[in-house]
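# Pasted the sequence and its predicted model underneath.
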Amino acid sequence: MIKFSEDKMKEVQAMIARYPEGKHKSALIPLLHLAQDEFGGWLSAETMDYVATLLQLESIEVYEVATFYSMFNLKPVGKHVFEVCHTGPCMLNGSDKIIEYIKKKLSISVGETTADDLFTLKTVECLGACGYAPMMQLGIHYREHLTEAKVDAIIEECRNKK
Amino acid sequence: MAEEVKKLKVTIDNITLEVPQGTTILQAARMVGGDVVPPAMCYYTKLEGSGGKCRTCLVEVSKGSEADPRPMPKLVVSCRTGVMDGMEVKNITSPKVKEARNGVVEFLLLNHPLDCPVCDQAGECHLQDLGYEHGKQGTRYEFKRRTFDKHDLGPYIQLHMTRCILCYRCVITADQLTEKRVHGILSRGDHAEIATYIEKSLDNNFIGNVIDVCPVGALTDKTFRFKNRVWFTKPVNAHRECSCCSGKVTLWQRGEEVLRVTARKDQWGEVEEWICNECRFEKKKTTDWVIEGPTHVSRHSVISQGHYENMVKPKETFSAVHDGRKPKLLMDIHSVSEVNDPSIDLSEIQGPATGAVFNHPKQKA
Amino acid sequence: MAKKLLLEKAHVEGIRYYDVYRREGGYAAVEKALKMDTGAVVEEVKKSGLRGRGGAGFPAGMKWSFLAKPEGVPRYLVCNADESEPGTFKDRYLMEVLPHLLIEGLIISSYALGSNITYIYIRGEYAWIVAILEQAISEAKENGFLGKNILGSGFDCEIYVQRGAGAYICGEETALIESLEGKRGNPRIKPPFPAVKGLWDCPTVVNNVETIAAVVPIMNMGGEAYSEIGVGRSTGTKLISACGNINKPGVYEIDMTISVEEFIYSEEYCGGIPNGKKLKACIPGGSSVPILPANLLLKTAKGETRYMNYESLSDGGFATGSMMGSGGFIVLDEDQCIVRNTLTLARFYRHESCGQCSPCREGTGWMEKILNKIEYGKGEMSDIDLLWDIQRKIEGNTICPLGDAAAWPVAAAIRHFRDEFEWHINNRELSQTQNYGLAHYADPIHVPEQVNA
Ligand SMILES: Cc1cc2nc3c(=O)[nH]c(=O)nc-3n(C[C@H](O)[C@H](O)[C@H](O)COP(=O)(O)O)c2cc1C
Ligand code: SF4
Ligand code: SF4
Ligand code: FES
Ligand code: FES
C-alpha cells in the first residue's frame, strides 16, 4: 500500500484549500504531480487509485486526466529523464542532431530506458525555450543551448548523482 | 397552445417556422423534418451536455437575427446553437455546408475500419447512413488505419474501439444514468480511446443503454444471440412489468426467438425511454414479454430498405403535410416565389418553382 | 533606444525580490488603483487601447467590461501562463525576472474585476517558476498587498499558482478552465463564453501574463499616455520572443513603430543572421501564424515597409500577410527547409490536439503523415493539393481555434513555398541530401504600377 507521509499530507491539504468548498477536484493535477514525484517517477494504477480516494473521485476520472497530460508517465521511467524538444524552432537549431547523439551515446531509441534504469529518452514538443535551443528538460529544470559536449557533461553529472 | 412562451421565427432552407425560445437550430430543423434536418452523430436529446463534437451538423447562419442580421462568420453546430428571432439558416441549400460536411464525413471515415460486413451495427449504423449520403467512393487516405489494444468490458458489452467516433455519448450516458462510471476517454488527440484503463467490466444497472446511444458499432450487445444481420430480424414492440425501468422495449426476433432487446427509438434514432440491464440482457424469452406489434423503424437507413413485411413508411411530418412528397423536391424552388431570398444564386437551383406552399409556417403536430 | 515599460527594471540586481522591486517604485500602481473606483480602473485600461497579448489581440478593457456581474456569484480572474505556442517564451522571461510585476498587475486586475481568488495557470514544465511566483506572492502578502482588506480598501484577494501538466491546448481559455477544474483539457463549446460561465460556471476573465503585467504601467502613467505609445490600434509596448536563425535570440520589448527589417538586423534586437546567411522566411507571431518568405516579410505586397505591429504584420490578410499573434518571432535562414519546418509544426498540432472534434483529431494526423511522406522523398504532386484540401476542411469547422492554428501553417507554407514542395517531390533523392535553398524567396516583389486615375 502506498501512502503519502504526514508532511506530504499537509501539502495535500494545503492544495485542496486553494479552491472553494466542494471544488477539490481542482487539486487533481497538482496531486498527480506530487504523487508522481513521491512514488517512483510514474503513475501506477495503484497510485492513481490512491489519488482518487484522497479526492473522493472515481478512479476513471483520474485515469482520464492522467492519460491526457504528457507530463504524467504511465510506465516506469529511468532515474533521469531526458526530454528533448524537437519542435520547429529547436529543429532549426539542430535538435535532431542532439537527439541522434543522445541515442548513440546511451544506445537507446526515443521512448526507451537504459538497461541500468538510469536514463530515459523522450522527445517533447516545444517547452518555451525556443530562443535557447536546442534544449531539454531534466527534472524540474531546463538544460539549454545543448551541444554534444554539454550532453556528455550532463550524462556524467547524472551518473555521478546515482 | 402553450401560454406565454416567447416564439421565435426561424427560417431553415427557406422554410419559416416559429419555435419556442431555447430551441436549437437542430431541434427546429427536426420540427420541419425531411432533408433539412442536419445529421447528428454526437448530439443526443436526452443526454445533457452532448453535442458539438462530431461537426456533422454544421450549418450556415446567413442572417444572425432580426436584431443583428449579420451572417455568422463561420459555420455553426446546429445541435448547440440556439435559434434567435429572425434567424436564417442554410443547411442543404448551402454549398459551404455541403463541402464542410463532406469533409467531416471523410474525417470520420478516415480511420474507420469499414468492416461493415462483420459489424453487428450494420444496418443501423448512423455512420453507414452518413457515408452513404455524403461519402465519396474510395478513400484518399493511404496510410495504415489506427488500431488499439483490445479491452474486455465484461459479459454484456463488446467494444470495438476502431469503430468509435469519440462522440462521448456513452461517457455521458454512464455519468447521467448509472451510479458509477467505470469507462471513459483515455489519452488525447488521435490516440484517444474508450477504455476502463485497468480491466473492469461495465455492469452497473442501466449501463446497457450505452449500446443504444452508440451511433456506430463500437459498443454492441454481447448477449445478442446468434449475431444476426439486423435486417433479417424482425423488431416488435413489447413490454413487461419491471421494477426499475418502464419495461417498454423493442424485441428483435427471428421466428419465436428473441435475439436481442433494445430500448425503443424515435424517428431520430434516439432512445425513447431508457431500459435496465435486466430487461436488456436477461429476458430473452418471448414469454418474458407482452408483444404489442411491429416496430416502426422510421430512420431512413439501410434497415428500412430491409425485409420488413408490411412495412409502414415512417411518419415524417413534412411529407405528410405535402401528400407524401419529399421535401427535397420542395427545395428546388425557382424565381418568383416568396420564399426566394434574393441573395440566393438562382442559377444554382434547378427545377420548377413551387414556392407558394412555404408560406404557411409549420404547425407543430 | 525604445521606450521600455515592462522590462525597464529587468536588469536591476535583485528585482525578483520584493524589497528591491518596491524600492524601484513597485506596487505604486496598486496603491493608486485601490483608491480608485473599480469602474475607473477598467476605464483606464479601456483608454489605454491595450490588446490581449496571448495571441488573439482582443482589447483587454473591452473584455473586462463584458464580465457578467450577477448578484452573489463570485467572479474569477485567471492568468494564462500556459505559454506553449512554439516560438513563444516571453511570459516565462517576465515571470522569472519580474515576478512582482505580474503579481502587481494581478492585484489591480483582480480588484477591477472583483476577483477575490485569482489563479495563475502555468504550464507544468515551468516547474521552477512556480516557486519564484509563490515566493513573490508570499512577499506581497507579508507586505499587505494580498490577503484581507488590502491597504484598507476593503478588498480581499488571494493568488494561487496552478501547474498544468503538459498540454498546449490548455492555453485555450476554456480548456484552461477545464484543466483548472481538474479535468481533461477539452475546450468547451461556446457559447456560453467564460465572461458569463467560466471557472466553476462563474463569470471569468482569462488574460495572458503580459496583458496583466501591462496593467501596471497603464495605472502608473494613465491609459491616455499609454495609448500614445505605438501606432494606431497597436498601443503600448510588446514583448517579442525572437528565435530561430538569429545572432541574438531572446526577449525584446519593442514599441510597435519599428520595422521588421530593423528588428531582425539591428544590434539592439536580433543582430542579424549568423554566419552571414541570408534570410529565407519568418513566422512572425508564433507557430500558428502564416509563414512569410523574406520578401513579403520585409515589405508588404504594396511594396511598403512592414512594421512590427498588429496592423502592419497582418497587412495583406492571409494572402500576403501574417499576424502579430503571441509575439513568437521565428527566423529561418537560407539553409532551412520549409517542408521539414512545416512537418515539425504539423506534428506539434497533431500531438497537441485534444481529440474532441473530428476535423482536428483526424485532419492533423493526416496532414502530418502526408508531410512526412513528402519530406522523406515519397511525395507525389497530388499530395500538395490534398494537403491544401485537408487544411481547408479543418479551418473554421472545429470547436476551438487549434484547428485553425494547425491549418494555417500548412496553408501558408503551400501558398508561398509551393515550388519548394514541388521540388521535393520532383527530386526525391536529391531532397534527402540537399535543401532547396533560398531560391527566389528574397527577391524583390514586383509591385504593379499604380494606375493613375
Ligand atoms: C490552442 C490555443 C492555445 C493558446 N495558448 C495560449 C497561451 O499559451 N497563452 C495565452 O496567453 N493565450 C493562449 N491562447 C489564447 C487564449 O485562448 C486567450 O485568448 C488568451 O489567454 C486571452 O488573453 P489575452 O486577451 O490577455 O490575450 C491560446 C489559444 C488557443 C486556441
Ligand atoms: S463507443 Fe460509441 S458511444 Fe462511445 S464514444 Fe465511441 S462512438 Fe460514441
Ligand atoms: S479543434 Fe482540436 S483541440 Fe480544439 S476542440 Fe477540436 S480536437 Fe480539440
Ligand atoms: S521549439 Fe523547442 S523549446 Fe520551443
Ligand atoms: S451532432 Fe452537432 S456536432 Fe455532433
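Looks like it arrived, so ask away. Residues are numbered from 1 along each chain as shown, chains lettered A, B, ... in the order given. Ligands and ions are numbered 1, 2, ... in the order given.
# what's the nearest residue to the single nearest residue of chain B relative to chain C if we skip its chain neighbours?
Proximity to chain C, evaluated over chain B using C-beta to the nearest C-beta, is greatest for B:G103 at 3.2 Å. Bear in mind the C-beta positions are built from the backbone N, C-alpha and C, glycine included. Leaving aside its sequence neighbours, B:G103 sits nearest to C:K393 (C-beta to C-beta, 6 or more residues apart in numbering or on different chains; 3.2 Å).
# And for C:A136?
Nearest to C:A136 is C:P99, by C-beta to C-beta, 6+ apart, at 3.8 Å.
# Report the contact partners of A:C90.
The contact partners of A:C90, taken as C-beta atoms under 8 Å, 6 or more residues apart in numbering or on different chains, are A:C126, A:C130, A:A133, A:P134, A:M135.
# Count the residues that sit near the residue nearest to C:A136.
Here the number of neighbours of C:P99 (other C-beta atoms under 10 Å in any protein chain shown) works out to 26.
# Any figure for the gap between it and C:R16?
To C:R16, C:P99 is 6 Å away according to C-beta to C-beta, to the nearest Å.
# Give the residues shared as contacts by the two.
In contact with both C:P99 and C:R16: C:I132, C:A136, using C-beta under 8 Å, 6+ apart.
# what about the stretch 101-250 of chain B, any weak spots by pLDDT?
Across the stretch 101-250 of chain B, the ranges flagged by pLDDT under 70 are B:137, B:225-231.
# Output the set of residues of it in proximity to chain C.
Within the stretch 101-250 of chain B, the positions lying close to chain C (C-beta under 8 Å from any C-beta of the partner chain) are B:103-104, B:106-108, B:110-111, B:140-141, B:143, B:165-166, B:168, B:185, B:187-192.
# Just want the most central residue of chain A.
A:M71 (4.8 Å; C-alpha atoms, centre = their mean).
# who touches that residue in this structure?
A:H33, C:G124, C:E125, C:A165, C:G166.
# Pull the most distant pair out of those.
Greatest spacing in the contacts of A:M71, by C-beta to C-beta: A:H33 and C:E125 (11.3 Å).
# Neighbour count for these two, which is higher?
Counted by other C-beta under 10 Å, A:H33 and C:E125 do not tie: C:E125 has more neighbours, with 26 against 21.
# Assumed that one was part of a strand.
No. Secondary structure of C:E125 (DSSP: H, G, I helix; E, B strand; the rest coil): coil, not part of a strand.
# okay if I get the contacts of A:C90 as JSON lines plus distance to chain B and neighbour count?
Formatted as JSON lines, the contacts of A:C90 follow (distance: C-beta to the nearest C-beta, whole Å; neighbours: other C-beta atoms under 10 Å in any protein chain shown):
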{"residue": "A:C126", "distance to chain B": "16", "neighbour count": "31"}
{"residue": "A:C130", "distance to chain B": "22", "neighbour count": "31"}
{"residue": "A:A133", "distance to chain B": "24", "neighbour count": "25"}
{"residue": "A:P134", "distance to chain B": "25", "neighbour count": "27"}
{"residue": "A:M135", "distance to chain B": "24", "neighbour count": "26"}
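# For those, give me a markdown table that also has secondary structure, distance to ligand 1 and pLDDT.
What follows is the contacts of A:C90, written out as a markdown table (DSSP: H, G, I helix; E, B strand; the rest coil; distance: C-beta to the nearest ligand atom, whole Å; pLDDT from 0 to 100):
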| residue | secondary structure | distance to ligand 1 | pLDDT |
| --- | --- | --- | --- |
| A:C126 | coil | 10 | 97 |
| A:C130 | helix | 13 | 97 |
| A:A133 | coil | 18 | 95 |
| A:P134 | coil | 21 | 97 |
| A:M135 | coil | 18 | 97 |
